[in-house]
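Trainee: Model the following, please.
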Amino acid sequence: MTPARFQLRAIVGLGVLLVAFAGLIVRLGRIQLGDHAELRRRGDHQHATARHVVPADRGAITDRHGRVLARTEQWPSIAVDPKWIRERDRKTSAQPLGELERLAQIVEEELGIDVRSIVTSADAKSQFVWVQRKIEDRDAVERMRVRLRKQKLRGVIIDFEGVRTYPAGALAAHMVGFTFEGADGALRGAAGAERLGDARLRGRPGWRSDERDATGRRIVVARHPGRAARHGQDIRLTLDTVIQAFAESEADEIFTNFDPVSVIAAVVDIRTGDLLAMACRPGFDANSRTAPQDVRRNRFFTDVFEPGSTFKPITMGIALDAGVVTVGEIIDTNPGTVQIGGRSIREDKHHNYGELTPAGAIAESSNVAMAKLALRLGVDRMHTAVRTFGFGAKTGARWAGESRGIVTPFPKWTETYTLCSVSFGQEIAVTPAQLLAAYAGLANDGLLHPLRVLLDEPAPAAVRVIRAEAARQLAPMMEAVFETGTASRIATGGYRMAGKTGTAEQKDKHGQSEYVGSFACFGPVEAPRLAVLVVCDRPKGSPYGSHVAAPFAARLLRNSLRYLGVPRSAPREDDVSADSRVLDPSPEVQPR
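Mentor: Presented below is the predicted three-dimensional model:
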């Protein structure tokens, strides 16, 4: 080959290479600039990375002894891959029963679900469709899984999701509360202790990253470790489920016997403010999602009512504390009425109790005696004391939706009306929680511990409401209610109890009278341990607290003391009834 010919070939070859290289550069430029988005989409489709939330298990709720009231269980959820099932069904179309038909038959037999229509109606490219979520019958799901595996049928996906369950059902349902599922799929507290302790119960979800190939198979890679979920903490309530069961039983009996609008029965440990039991009627099963909102409402914290005569021991305690009355003093209530300004205050049923000791004034539930004591106290001292007891403010339990009650603003108080009315439980509205806490304070030598619902939280500071000496003088006066007063026919089971009945009148929207019967008590008097409150709202028939509340409250207190191992009271040598005698007897006392 001549040098000229060789040189020509070299030039041609170099030219070809240059053209090819230029074409390659053009192609690369087009890929980078023109087709970049489309090619990236194709690549992602074949090799995708997805970030998945790893849910945190919600903590359990237990009573003070660790008995479970709420927990999270993992229930199976069923989904299908319609695209996979349809492709497999086409490949087995020659068989007597295609894969879809066999799969659908098993699912329908075990779960009663028509999966055939779900698969056939799904989008052609769909690879995930829920069939049913959170299935309670886990045994049926397991049988389905075994049968599908034996027949080598794929395309059914079984996942597990957290479901909040309440093993005690209706027991303490108003206190435990319930949850809802947030937008992120996590359970959140909606009411009750579920809401009160939500921050601790909820935990923190984790996450993981999955890389998958074009067939959808997961690729495990070290560079995407994710973050582990931090599960929620368990919380303990102050409730004792045994005492709670006692309260539920009493509330059920009242609700059945008297057909009221509502019933509340509650027990508190006076030494700590721990709420040991609280039952509401009407009730509901915490596992049910269909109970009306009004039934789910915790009336113990949200509802208000005029306390009526149950407020009289509070007035007497304030008077003893201020020194405006002494234990042996005689209060003249003749002639059964007292004129204050332009207002006439009278006894219930127009009774005339004559001359009464302070104990007699409590036992006979004298409006006139309370009004006279209130006048001695004056507006300033009475208003201050009422607020010190916690009326007009929340109890400190931090309960969502808790009412403050209604106390007339101080500038609007008058001697003629507000002062005297409040002294016997009118022109003031309280929650059952406030009233029970106040009685616990009277029982605990005048030291009121704010109500507590979560056992693991620090107890709030106690408040001195009256002097210890005044509280100790008051207790025997309230005990006389069980001896000669409105609860004298009630068996105490060997325990010395102190309490007070109340029957408050209210008007409905048509101006007709309705009544709230209540009874608050504590015991044993010599060393108080528990306080109990029962409130019966608008009962049918006799509305008196001595009839619809007192017997049940006393039995609840008696059973609770026995359960806690509190010894029965020793027989007394003194006769307290002598201190509570009526010096000027009146006709037979009507129940109140």
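
Trainee: Only C-alpha atoms from now on, for both contacts and neighbour counts.
Mentor: Noted.

Trainee: and the nearest residue to residue 357 once chain neighbours are set aside, what is it in contact with?
Mentor: Distance criterion Cα to Cα, 6 or more residues apart in numbering; nearest residue to residue 357, sequence neighbours excluded, is residue 330 at 4.8 Å. Counting by Cα atoms under 8 Å, 6 or more residues apart in numbering, residue 330 makes contact with 355-358.

Trainee: Now, these that are in helices?
Mentor: Counting by DSSP state H, those place residue 358 in helices.

Trainee: how about CSV for the contacts of residue 330, with pLDDT and neighbour count added?
Mentor: CSV is the format used below for these (pLDDT from 0 to 100; neighbours: other Cα atoms under 10 Å):
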residue, pLDDT, neighbour count
355, 96, 21
356, 96, 27
357, 96, 23
358, 97, 28
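
Trainee: from memory residue 248 sits against residue 265, does it?
Mentor: Yes: in terms of Cα atoms under 8 Å, residue 248 counts as a neighbour of residue 265; the distance is 7.5 Å.

Trainee: Give me the common contacts of the two.
Mentor: When contacts are counted by Cα under 8 Å, 6+ apart, residue 248 and residue 265 are jointly contacted by 278-280.

Trainee: Out of those, which end up buried?
Mentor: By neighbour count, with 16 or more other Cα atoms under 10 Å, the shared contacts of residue 248 and residue 265 hold 278-280 as buried.

Trainee: Quote the end-to-end distance of stretch 286-299.
Mentor: Counting by Cα to Cα, to the nearest Å, you get 16 Å between the two ends of stretch 286-299.

Trainee: I meant to write stretch 228-243 there.
Mentor: End-to-end distance (Cα to Cα), stretch 228-243: 40 Å.

Trainee: What residues of that stretch count as buried?
Mentor: For stretch 228-243, the neighbour count (16+ other Cα under 10 Å) marks 229-243 as buried.

Trainee: Helix or strand: which one has residue 527?
Mentor: Following DSSP states H and E, there is no helix or strand that holds residue 527.

Trainee: Nearest to residue 297, out of the contacts of residue 330: which one, please.
Mentor: Checking the contacts of residue 330 against residue 297 with Cα to Cα, the nearest one is residue 358 at 38.8 Å.

Trainee: so what's that closest one up against?
Mentor: 316, 325-331, 477, 580.

Trainee: Need the nearest residue in space to residue 270, chain neighbours excluded.
Mentor: residue 440 (4.8 Å).

Trainee: Neighbours of that neighbour, how many?
Mentor: 32 (other Cα atoms under 10 Å).

Trainee: list the contacts for it?
Mentor: The contact partners of residue 440, by Cα under 8 Å, 6+ apart, come to 268-270, 273, 448-449, 522, 530-531.

Trainee: Select from those every entry located in strands.
Mentor: 268-269, 448, 522, 530-531 (DSSP state E).

Trainee: ok, and the most crowded of the residues you listed?
Mentor: residue 522 (34 neighbours).

Trainee: Next one: the closest residue to that residue other than its chain neighbours from residue 269, what distance?
Mentor: Among residues not flanking residue 522 along the chain, residue 531 sits closest, at 4.1 Å (Cα to Cα, 6+ apart). Noted for residue 531: a distance of 7 Å to residue 269, by Cα to Cα.

Trainee: residue ranges of the strands in the stretch 451-592 of the chain, please?
Mentor: Assigned by DSSP state E, counting those that start in this stretch, the stretch 451-592 of the chain shows strands spanning 463-464, 498-507, 513-523, 530-537.

Trainee: Could you name the stretch from these that's closest to residue 307?
Mentor: Here strand 498-507 is closest among these (Cα to Cα), at 6.3 Å.

Trainee: Partner strands of the closest one and their direction?
Mentor: The strands beside strand 498-507 in its sheet (DSSP bridges) come out as strand 513-523 (antiparallel).

Trainee: show me what contacts residue 86?
Mentor: 100, 119.

Trainee: So which residues make contact with the top strand by length along the chain?
Mentor: When the chain is parsed with DSSP E, its longest strand is strand 68-80. For strand 68-80, contacts defined as Cα under 8 Å, 6+ apart pick out 57-63, 119, 127-136, 138, 141, 155-168, 176.

Trainee: Show me those that map onto helices.
Mentor: Per DSSP H, the subset of the contacts of strand 68-80 in helices is 119, 138, 141, 176.

Trainee: what residues are up against the first one?
Mentor: It refers to residue 119. Residue 119 sits next to 80-82, 85-86 when contact means Cα under 8 Å, 6+ apart.

Trainee: how about the contacts of residue 440, which pair is most distant?
Mentor: 449 and 522 (14.8 Å).

Trainee: Can you flag the buried ones in the contacts of strand 68-80?
Mentor: 57-63, 119, 127-129, 131, 134-135, 141, 155-157, 161-166, 168, 176.

Trainee: in the stretch 51-200 of the chain, which spans are strands?
Mentor: So, for the stretch 51-200 of the chain - with DSSP E, counting those that start in this stretch - the strands run 61-62, 68-80, 129-132, 156-165, 178-181, 187-191.

Trainee: now those strands in JSON lines, with mean pLDDT and distance to residue 16?
Mentor: Below are the strands of the stretch 51-200 of the chain laid out as JSON lines (pLDDT from 0 to 100; distance: least, Cα to Cα, whole Å):
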{"stretch": "strand 61-62", "mean pLDDT": "98", "distance to residue 16": "80"}
{"stretch": "strand 68-80", "mean pLDDT": "93", "distance to residue 16": "56"}
{"stretch": "strand 129-132", "mean pLDDT": "90", "distance to residue 16": "56"}
{"stretch": "strand 156-165", "mean pLDDT": "89", "distance to residue 16": "57"}
{"stretch": "strand 178-181", "mean pLDDT": "90", "distance to residue 16": "68"}
{"stretch": "strand 187-191", "mean pLDDT": "91", "distance to residue 16": "69"}
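
Trainee: Is it possible to get CSV of those strands that adds distance to residue 7?
Mentor: Shown next, in CSV, are the strands of the stretch 51-200 of the chain (distance: least, Cα to Cα, whole Å):
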stretch, distance to residue 7
strand 61-62, 92
strand 68-80, 70
strand 129-132, 70
strand 156-165, 70
strand 178-181, 81
strand 187-191, 82
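
Trainee: Most neighbours of all the contacts of residue 119, which one?
Mentor: Busiest of those [other Cα under 10 Å] is residue 82, holding 26 neighbours.

Trainee: got the end-to-end distance for stretch 390-410?
Mentor: Terminal-residue distance, stretch 390-410 (Cα to Cα): 15 Å.

Trainee: Dump the shared contacts of residue 248 and residue 265 to CSV, plus pLDDT, secondary structure and distance to residue 185.
Mentor: Shown next, in CSV, are those (pLDDT from 0 to 100; DSSP: H, G, I helix; E, B strand; the rest coil; distance: Cα to Cα, whole Å):
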residue, pLDDT, secondary structure, distance to residue 185
278, 98, strand, 31
279, 98, strand, 31
280, 98, strand, 31
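
Trainee: Which one of these is nearest to residue 463?
Mentor: residue 278 (22.7 Å).

Trainee: Now for that closest one: which residues touch it?
Mentor: 172, 175, 244, 247-248, 264-267, 300.

Trainee: related to what we said a few turns ago, got the CA coordinates for the longest strand of the chain in CSV?
Mentor: The C-alpha coordinates for strand 68-80 follow below in CSV (Å, rounded to 0.1, in the frame of the first residue of the first chain):
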residue,chain,number,x,y,z
VAL,A,68,-55.8,-3.1,82.4
LEU,A,69,-58.6,-0.8,81.3
ALA,A,70,-57.3,0.1,77.8
ARG,A,71,-54.7,-1.5,75.6
THR,A,72,-53.6,-1.6,71.9
GLU,A,73,-54.0,-4.9,70.1
GLN,A,74,-52.7,-5.8,66.6
TRP,A,75,-55.7,-6.8,64.4
PRO,A,76,-55.2,-8.1,60.9
SER,A,77,-56.2,-6.0,57.8
ILE,A,78,-56.6,-7.6,54.4
ALA,A,79,-55.7,-6.2,51.0
VAL,A,80,-55.2,-7.6,47.5
